[in-house]
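>>> this is a predicted model, with the sequence first.
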Amino acid sequence: MEDLSPFALALPDERATASLAARIAARAGPGDVIALAGPLGSGKTSFARAFIRARFGTAEDVPSPTFTLVEIYSGGGPPVWHFDLYRLERASDAWELGIEDAFADGISVIEWPDRLGALLPEERLLITLAFAETPAARIATLAPSPAWAGRLSP
């Protein structure tokens with residue numbers, strides 16, 4: 001039986017966060033959900049930006065979808081749906097964002113995944129970002145579902 005225990009990684013600076021995002025982007029495929037949790041300012045949007053840039057090999061501007069709630073990126077391979085659900089009032093409002101299409105055919109990067117409640121798929125990679133000892137440092141705790149466990153190594 002696989003060990004699905006969460007494991008933590010020290011990220012000393014934003015470059016380390018971007019490196020982790022790039023490694024995960026290289027392993028993501030259609031239907032994957034990467035759920036980004038953590039307090040305000042913990043680096044969720046920085047992680048999402050680095051993930052999208054690595055996925056498409058570009059320095060493309062990646063705005064935070066704080067007000068639009070979702071941005072969709074494409075350019076070869078499955079589209080990446082970047083959700084920021086901080087302002088989502090009800091989990092059911094996610095249907096209006098096309099979340100079922102994202103879950104079916106795209107790669108979903110979701111900030112504030114707890115806002116989805118029961119709509120959040122169980123098959124996901126949950127990454128919780130937390131502040132560390134210096135202003136730029138973070139601790140990333142990765143909790144993989146069975147679909148992700150074989151693709152990650154601590």
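Nice, thanks for sending it over. Everything numeric in this text was worked out from a predicted model, so none of it was measured. Numbering: from 1, shown residues only.
>>> right, and Pro78 touches Ser108 too?
No - here Pro78 lies out of contact with Ser108, judged by Cβ atoms under 8 Å, at a distance of 10.0 Å. Heads up, the C-betas are built off the backbone N, CA and C, glycines and all.
>>> and the two? which has more neighbours close in?
Using other Cβ atoms under 10 Å, the more surrounded residue of Pro78 and Ser108 is Ser108, with 24 against 16.
>>> quick check, the more buried one in a helix?
No - applying DSSP: H, G, I helix; E, B strand; the rest coil, one finds Ser108 to be strand, outside a helix.
>>> ok, now which ones touch it?
32-34, 80-81, 83, 99, 102 (Cβ atoms under 8 Å, 6 or more residues apart in numbering).
>>> same check, this time on Ala22
Counted by Cβ under 8 Å, 6+ apart, Ala22 has contacts 50-51, 54.
>>> check which helix or strand it maps to.
Taking DSSP states H and E as the criterion, Ala22 maps to helix 14-27.
>>> one more: Ala8?
strand 7-11.
>>> what's the angle from that strand to helix 14-27?
With axes from the mean of the first three to the mean of the last three Cα atoms, to 10 degrees applied, the angle from strand 7-11 to helix 14-27 works out at 130 degrees.
>>> average pLDDT for strand 7-11?
Mean pLDDT, strand 7-11: 92.
>>> again, but for stretch 92-101
pLDDT averaged over stretch 92-101 gives 94.
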